[in-house]
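Here's my sequence, what's the structure:
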Amino acid sequence: MDLDHNASSRGCPRRQPSRLANAAGSAVAQEAPAGPPGEIDILLPYRPPYDWASMLEFLRRRAITGIETVSADCYARTMQLDGEQGMVAVRAADGNVLRATVRFSKPSVLPVIVARLSRVFDLAVDPSVIAAHLAKDRVLAPLVKARPGLRVPGAWDGFELSMRAVLGQQITVAAAVRLAGRMVAAHGEPLARPDGDLTHVFPRPETIAATDLASLGMPRSRAATLSAVAEAAIADTHLFDTTGGLDEAVKRLRKIRGVGEWTAQYIALRQLHEPDAFPSADIGLMRAMARLEGRDYSSSELLARADAWRPWRAYAAQHLWTSG
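As a prediction, the model looks like this:
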């Protein structure tokens, strides 16, 4: 899979698929010219509508140099699973599906890749159910009408997402992405076969736990939190698994030194895909509500206001973030 195309298609091959697979990982009865060895196209269905433009924009603003690229119509990233490196490129296709072109040497890992892609692109939900509930709110109703297919972007990997969340504490998205890029360049494992701007895989917890990250240009307290999260991930390999519901997940994450309510809720929202997760202390959410309602909100006031949005507060948050 050649990922090094021109700017309009960078990260997204346009060849015919060598083999098609459905979201369950089984082959579909469709033949096409053979592609490079170890490469497969997977069709990932979803219930329409789907706001692909908003999904790509969210991922573009957060793309980490070295491991992700986003073009006008495609998201591509590197991965490391079961000791092997690989890449995946995803774009919208006809027929209410996304097409993922995967380059990976172990076919046995394809179900894991499919599950992660489903989480990243929030493919399992019925948007009509969520939209019908949120549209009952006078503030959210016009936002839902404008973007009925809005999804909550998930995370490829729990440890990677936790690092993003900690790096983003009390700084802008752009600043957090720059720090993450420095982390990848300094401590990520280089690809054996780099492809254009895709050059590394994200650092492992063991590497982060053994590294003084303050040299990357962040407060020592934040570097210490990153190390604490890495140590927790090493000690508990299921730390970022979906178990026990939202309250249990937040409680578990907040036991990590330096992880507060905002960080725990954000991890629950994007990695654990808890549909009712809601980081009420997020400055972007408070500013969005202030703009839409013409009054300032504190974190506690916003949390109370969001009670009417349950059990879909994560989607309400995504609408508020996107509204700006």
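
burial count for the closest residue to Ala232 other than its chain neighbours?
The shortest distance from Ala232 to any non-neighbouring residue, by CB to CB, 6 or more residues apart in numbering, is to Ile256 (4.8 Å). All C-beta spots, glycine's among them, are computed from the backbone N, C-alpha and C. Ile256 has 21 neighbours, counted by other CB atoms under 10 Å.

just checking, Ile256 touches Ala230?
No: if you go by CB atoms under 8 Å, Ile256 and Ala230 don't touch, sitting 9.9 Å apart.

what sits against Gly324?
By CB atoms under 8 Å, 6 or more residues apart in numbering, the residues touching Gly324 are 284, 287-288, 291.

for those residues, which one is nearest Ile130?
Ranked by distance to Ile130 (CB to CB), the contacts of Gly324 are led by Ala288 at 18.0 Å.

now the closest one, nearest residue through space, not along the chain?
Leu320 (4.0 Å).

How about Ser162?
Closest residue in space to Ser162, ignoring its immediate chain neighbours: Val229 at 5.0 Å, by CB to CB, 6+ apart.

on that earlier part again, the residue nearest to Ala232 in helix, strand or coil?
Three-state assignment for Ile256 (DSSP: H, G, I helix; E, B strand; the rest coil): coil.

phi, psi of it?
phi -80, psi 130 (degrees, to the nearest 10).

And Tyr75, by the same measure?
Backbone torsions for Tyr75, taken as degrees, to the nearest 10, come to phi -110, psi 130.

and it, what does it touch?
Going by CB under 8 Å, 6+ apart, Tyr75 touches 11, 56, 59, 68-69, 89-91.

Widest-spaced pair of those?
Across the contacts of Tyr75 (CB to CB), the longest gap, 14.3 Å, separates Glu68 and Arg91.

hang on, the earlier thing: let's have the contacts of Tyr75 in JSON lines, adding distance to Gly154, pLDDT and secondary structure.
What follows is these, written out as JSON lines (distance: CB to CB, whole Å; pLDDT from 0 to 100; DSSP: H, G, I helix; E, B strand; the rest coil):
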{"residue": "Gly11", "distance to Gly154": "19", "pLDDT": "52", "secondary structure": "coil"}
{"residue": "Leu56", "distance to Gly154": "14", "pLDDT": "97", "secondary structure": "helix"}
{"residue": "Leu59", "distance to Gly154": "10", "pLDDT": "97", "secondary structure": "helix"}
{"residue": "Glu68", "distance to Gly154": "14", "pLDDT": "98", "secondary structure": "strand"}
{"residue": "Thr69", "distance to Gly154": "18", "pLDDT": "98", "secondary structure": "strand"}
{"residue": "Ala89", "distance to Gly154": "17", "pLDDT": "98", "secondary structure": "strand"}
{"residue": "Val90", "distance to Gly154": "13", "pLDDT": "98", "secondary structure": "strand"}
{"residue": "Arg91", "distance to Gly154": "17", "pLDDT": "97", "secondary structure": "strand"}
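
so which of those is the most crowded?
Gly11 (28 neighbours).

how many neighbours does Pro205 have?
There are 21 residues near Pro205, going by other CB under 10 Å.

Go ahead and confirm it touches Leu226.
No: counting by CB under 8 Å, Pro205 stays clear of Leu226, with 10.1 Å between them.

residues in contact with Trp52?
By CB under 8 Å, 6+ apart, the contact list for Trp52 reads Ala92.

Which per-residue confidence value corresponds to it?
In this model, Trp52 is scored at 98, pLDDT.

now Gly217
Listed pLDDT for Gly217 reads 89.

What distance do you get for it to Gly181?
11 Å (CB to CB, to the nearest Å).

Which one of those two is surrounded by more residues?
Using other CB under 10 Å as the criterion, Gly217 and Gly181 rank with Gly181 on top: 19 against 11.

quick one: Trp156 and Ile113 touch, right?
No: using CB under 8 Å, Trp156 is not in contact with Ile113; the gap is 9.7 Å.

so what's in contact with the two at the same time?
Common neighbours of Trp156 and Ile113 (criterion: CB under 8 Å, 6+ apart): Met79.

Tabulate the CA atom coordinates of stretch 176-183 in PDB.
Included here for stretch 176-183 are C-alpha records, laid out as PDB according to Å, rounded to 0.1, in the frame of the first residue of the first chain:
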ATOM      1  CA  ALA A 176      -1.000  19.200  23.000                       C
ATOM      2  CA  VAL A 177      -0.600  17.800  19.500                       C
ATOM      3  CA  ARG A 178       2.800  19.500  19.200                       C
ATOM      4  CA  LEU A 179       3.900  17.900  22.500                       C
ATOM      5  CA  ALA A 180       2.700  14.500  21.400                       C
ATOM      6  CA  GLY A 181       4.600  14.900  18.100                       C
ATOM      7  CA  ARG A 182       7.800  15.600  20.100                       C
ATOM      8  CA  MET A 183       7.100  12.500  22.200                       C
END
